[in-house]
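Participant: I'd like to go over a predicted model; first the sequence, then the structure.
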Amino acid sequence: MHYLDFDSSWKENDLKTMLPILSALVFFVIYWFVAQSSVIKAKFYAKNDEDTASVKHIFFTKYFGFLAMGVAPTVVCLLFIPDVSLADYGLTFIPSTTLFTVVWTVGLCALVIPLAAFSAKKPKNLVNYPQIRAKKWDNSIYIKNLLGWALYLFGYEFLFRGVLLIPLVDTLGVWPAIAINIALYSATHIPKGLDETIGAIPLGLVLCLLTLASGTIWIAFIVHVAMAWTNSLTALKHHPEIHYVRNGK
């Protein structure tokens, strides 16, 4: 019996490459199936009226997403790769790149906000957004929607632009790391449809390059939040069955 020989020895940087990818996969899968669980969703709807249940369930998924994607993989990597710090993952402020960060953040927001607002009006977008399906929104729901998105996207962007990018650049090089990042980033958008899946490719490329150039995750985080808030609030404005009533009146 013949087989091909291969080098299975453990290399010095293998852990820095494998652990971020595997931990991201494991915890994203955990997040996804918890967020999509009909059993968990039913528990919220069994204890509350429909509007309240929707608010609590969606905020739970956002908070859990922050923990599962932003906290858990980071803790695992910090424990098993102690020579890599939070700053090495892009969670830092670098004075020399601050102006670069501000200019690109403002410029990208000026570009993506109108595009997001235009797309959010389309009927196929209103099928899923705003994610909170309460028929009447008051100030409390409005704020929870914004906070939930910001919390979730901080964890999301810290995972993709921090844990899953910067360490891989050190071990694989810039373009292989970006290719892996974009592939995983685009794949997570598959359940949201073809448009978002394809759109994640150029956006992912731009955000990866800007993250590496700035050394921080802030451009990616702020731009993504701007897109999500714009999409959510525009969908709220144009949805025929969901309305915002100031102060609940």
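Facilitator: Perfect, I can see it now. Because the structure is a prediction, the values reported are computed rather than measured. Numbering: from 1, shown residues only.
Participant: can you tell me the centre-most residue of this structure?
Facilitator: Against the mean C-alpha coordinate of the chain, by C-alpha atoms, centre = their mean, the closest residue is residue 156 at 2.9 Å.
Participant: any idea which element that residue lies in?
Facilitator: helix 139-157 (DSSP states H and E).
Participant: any idea how far that helix is from the middle of the chain?
Facilitator: From the chain centre to the centre of helix 139-157 is a distance of 11 Å (C-alpha atoms, centre = their mean, to the nearest Å).
Participant: going forward, begin numbering at 51 instead of 1
Facilitator: Understood, numbering begins at 51; the last thing we discussed is helix 189-207.
Participant: what are the buried residues along that helix?
Facilitator: Residues 191-192, 194-195, 198-207 are the ones in helix 189-207 that count as buried (16 or more other C-beta atoms under 10 Å). Every residue, glycine included, has its C-beta placed from N, CA and C.
Participant: which neighbouring elements make contact with the following helix or strand past it?
Facilitator: Per DSSP H and E, helix 189-207 leads on to helix 216-222 as the next helix or strand towards the C-terminus. Helices and strands touching helix 216-222, by 3 or more C-beta pairs under 8 Å, 6 or more residues apart in numbering; DSSP states H and E, are helix 64-85, helix 224-237, helix 244-264.
Participant: check the offset of helix 216-222 from the chain's centre.
Facilitator: With C-alpha atoms, centre = their mean, you get 20 Å for helix 216-222.
Participant: likewise for stretch 173-190?
Facilitator: Relative to its chain's centre, stretch 173-190 lies at 19 Å (C-alpha atoms, centre = their mean).
Participant: and the end-to-end length of it?
Facilitator: One end of stretch 173-190 sits 26 Å from the other (C-alpha to C-alpha, to the nearest Å).
Participant: please apply the same query to stretch 179-188.
Facilitator: 17 Å.
Participant: show residues contacting it.
Facilitator: With C-beta atoms under 8 Å, 6 or more residues apart in numbering as the test, stretch 179-188 has contacts from 100-102, 104-105, 108, 170, 191, 194-195, 281-283, 285-286, 289, 291-298.
Participant: let's see it at 6 Å
Facilitator: Residues outside stretch 179-188 that contact it (C-beta atoms under 6 Å, 6 or more residues apart in numbering): 101, 104-105, 108, 191, 195, 281-282, 285-286, 292-295, 298.
Participant: drop anything exposed from these.
Facilitator: 101, 104-105, 108, 191, 195, 281-282, 285-286, 292, 294.
Participant: list the contacts for the closest residue to residue 255 other than its chain neighbours?
Facilitator: In this structure, residue 255 finds its nearest non-sequential neighbour in residue 232, 5.9 Å apart by C-beta to C-beta, 6 or more residues apart in numbering. By C-beta under 6 Å, 6+ apart, the contact list for residue 232 reads 251, 254-255.
Participant: any chance of the buried residues of helix 189-207 in JSON lines, with distance to residue 132 and pLDDT too?
Facilitator: Below are the buried residues of helix 189-207 laid out as JSON lines (distance: C-beta to C-beta, whole Å; pLDDT from 0 to 100):
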{"residue": "191", "distance to residue 132": "42", "pLDDT": "93"}
{"residue": "192", "distance to residue 132": "42", "pLDDT": "93"}
{"residue": "194", "distance to residue 132": "37", "pLDDT": "94"}
{"residue": "195", "distance to residue 132": "38", "pLDDT": "95"}
{"residue": "198", "distance to residue 132": "33", "pLDDT": "96"}
{"residue": "199", "distance to residue 132": "33", "pLDDT": "96"}
{"residue": "200", "distance to residue 132": "30", "pLDDT": "97"}
{"residue": "201", "distance to residue 132": "27", "pLDDT": "96"}
{"residue": "202", "distance to residue 132": "28", "pLDDT": "96"}
{"residue": "203", "distance to residue 132": "28", "pLDDT": "96"}
{"residue": "204", "distance to residue 132": "23", "pLDDT": "97"}
{"residue": "205", "distance to residue 132": "22", "pLDDT": "96"}
{"residue": "206", "distance to residue 132": "25", "pLDDT": "95"}
{"residue": "207", "distance to residue 132": "24", "pLDDT": "94"}
